[in-house]
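# pasting the sequence and the predicted coordinates here, then a few questions.
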Amino acid sequence: FTKSGSGTLTLGAGGTNFFEISKAAATNDVVNVSGALTGGGLLVVTNITTNALVAGDSFKLFNAGSFSGAFGGVSLPALDAGLMWSTNALNTGGRISVIYLAPPRFASASLIGGNMVFTGQGGTPGMSCYVLSSTNLLLPLASWTRLATNVFDVNGSFNYTNAVGSELTQNFYRLLTP
């Protein structure tokens, strides 16, 4: 169902909010509020199909002009091994997403000619990733140089090639996701 309304909506601390989700387009429950949405109570989400959820699946439960508050508890459908739910955008954008349990990582690094060639795996398909570099491992992360912004492919992998000069004696690399 889709519930739309104007003004504001406050979900009470003692209430339970039931949502059904499905991977089929435009079939999951969603609440649309033109004003402010204040989260509260318990959020219970059920997958109404037999289709397995996979990394990269994302469901918009709430559309609102602004978000505040937080749910007191969240109950989400079980996922296959190696996957977990991300609720990072639930209280700020109304979205829940399926992600890999382990963080993405470099799979290989090879010096080929004058290039450092990296492959990575374990990312969420379509998710951005950043390759950072520094000659000083002890520098704060904010001081590292961003070499590239990549997107994980449909298998959760990426490739990146970085030209390196012969004057460098050491260089450190780090993979980050948002």
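Great, that's in hand.
# CA atoms for contacts and neighbours, from now on please.
Fine.
# mind listing the helices for this structure?
Along the chain, counting by DSSP state H, helices occupy 90-93.
# which strands or helices does the longest strand seen in the chain pack on?
Scanning the chain for the strand with the most residues, using DSSP state E, yields strand 30-39. With contacts defined as 3 or more Cα pairs under 8 Å, 6 or more residues apart in numbering; DSSP states H and E, strand 30-39 has these neighbours: strand 2-5, strand 9-10, strand 62-69.
# okay, the angle between the longest one and strand 30-39?
Read it as strand 62-69. 10 degrees (axes from the mean of the first three to the mean of the last three Cα atoms, to 10 degrees).
# just the CA trace of strand 62-69, in PDB.
Extracted in PDB, the C-alpha atoms of strand 62-69 (Å, rounded to 0.1, in the frame of the first residue of the first chain):
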ATOM      1  CA  PHE A  62       9.200   6.600   4.000                       C
ATOM      2  CA  ASN A  63       9.200   9.800   1.900                       C
ATOM      3  CA  ALA A  64       9.100  13.000   3.900                       C
ATOM      4  CA  GLY A  65      10.000  16.600   3.700                       C
ATOM      5  CA  SER A  66      12.200  16.100   6.800                       C
ATOM      6  CA  PHE A  67      13.100  13.300   9.200                       C
ATOM      7  CA  SER A  68      13.600  13.300  13.000                       C
ATOM      8  CA  GLY A  69      13.500  10.800  15.800                       C
END
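# contacts for that strand?
30-40, 91-95 (Cα atoms under 8 Å, 6 or more residues apart in numbering).
# so, low pLDDT: which residues of this structure?
1-6, 166-169 (pLDDT under 70).
# thinking again about what came up before, got a PyMOL select line for the buried ones in the contacts of strand 62-69?
To isolate the buried ones among the contacts of strand 62-69 in PyMOL, judged by 16 or more other Cα atoms under 10 Å, type:
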select buried, resi 30+31+32+33+35+36+37+38+39+40+91+92+93+94+95
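# can you tell me which two in the contacts of strand 62-69 are farthest apart?
Spanning the widest gap among these are Ser34 and Gly40, at 18.0 Å by Cα to Cα.
# burial count for the closest residue to Val154 other than its chain neighbours?
Spatial nearest neighbour of Val154, chain neighbours left out: Pro125 (4.8 Å); criterion: Cα to Cα, 6 or more residues apart in numbering. By the measure other Cα atoms under 10 Å, the count of residues near Pro125 is 20.
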